[in-house]
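Visitor: I need the structure of the sequence given here:
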Amino acid sequence: MKKFEEIKFNIGELKGISAKNIEEHLKLYAGYVKNANFVFDKIGELSVDEEKNIYVLGELHRRFSFEYNGMRNHEVYFSSLSGGAKSLQADSIFKKIIEEQHGSFEAWLASFKNLAMTRGIGWAVLWYDKKDKRLLASWIDEQHIGELNGCEMILALDMWEHAYLYDYASSEKKKYIEAFFENLNWEVVEENLKKVL
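Guide: Residues are numbered from 1 along each chain as shown. A predicted model of the protein is given here:
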């Protein structure tokens, strides 16, 4: 069966997020890829006798969503930090939609940063809802509880402590959020949106 493959990202020097933090974080991402493959293979093996292995398979399917989403969420996250920080263009589709929905880009950004301050481990995510043709923000607990069905991930901000622990104390996660946006490649976000429109 085809394996999930680890993506190599072009992440240069970042402001406020150390190379050490990125290096360790990428190892975690590699672990999600490895574990997604392992669990997926194990499901295939045990499915030969589903009746006998029904309970184990149930737990493996639950685990698979955790590993798989950990892999995919990190791919969106690291892609947006690749290629260097790039500004959001004034005529971008993303900015136009945000302004239509929120009045201003600044108002949306402040709201999204507040979402990222949610207590607990998880992700602040911006989605595109194809059905209603709008952007929606949500918090995902861990990385697999709270995903919005039928929506495409446009922007993902990892708010697990591993995303910033080499650079900031738990009480300083607001500084990490600011650093993330300072290093964001908005061209990647724009492309993520264009792919799903």
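
Visitor: which elements pack onto the strand or helix carrying residue 128?
Guide: Element membership of residue 128, judged by DSSP states H and E, is strand 122-129. In terms of contacts (3 or more Cβ pairs under 8 Å, 6 or more residues apart in numbering; DSSP states H and E), strand 122-129 is packed against helix 105-116, strand 134-141, strand 151-158. All C-beta spots, glycine's among them, are computed from the backbone N, C-alpha and C.

Visitor: tell me which of these sits nearest to residue 25.
Guide: Minimum separation from residue 25 across those (Cβ to Cβ) falls at strand 151-158, 7.8 Å.

Visitor: name the residues of the closest one that are buried.
Guide: By neighbour count on 16 or more other Cβ atoms under 10 Å, the buried set for strand 151-158 is 151-158.

Visitor: what lines up beside it in the sheet?
Guide: strand 122-129 (antiparallel) (DSSP bridges).

Visitor: roughly how far is the partner strand from the heart of the chain?
Guide: Averaging C-alpha positions (Cα atoms, centre = their mean, to the nearest Å) puts strand 122-129 8 Å from its chain's average.

Visitor: so which bits of it are buried?
Guide: Quick answer for strand 122-129 (16+ other Cβ under 10 Å): 122-128.

Visitor: and the angle from it to strand 134-141?
Guide: 160 degrees (axes from the mean of the first three to the mean of the last three Cα atoms, to 10 degrees).

Visitor: hmm, back to that, for the helices and strands packed on strand 122-129, which one ends up most surrounded?
Guide: strand 151-158 (a mean of 22; mean count of other Cβ atoms under 10 Å).

Visitor: which residues touch that strand?
Guide: Contacting residues not belonging to strand 151-158 are listed as 25, 72-74, 76-77, 80, 94, 112, 116, 123-130, 135-136, 177, 180, 189, 192-193, 195-196 [Cβ atoms under 8 Å, 6 or more residues apart in numbering].

Visitor: and stretch 39-50, by the same measure?
Guide: Against stretch 39-50 from outside (Cβ under 8 Å, 6+ apart): 1, 4, 53, 56-57, 60-61, 63-64, 67.
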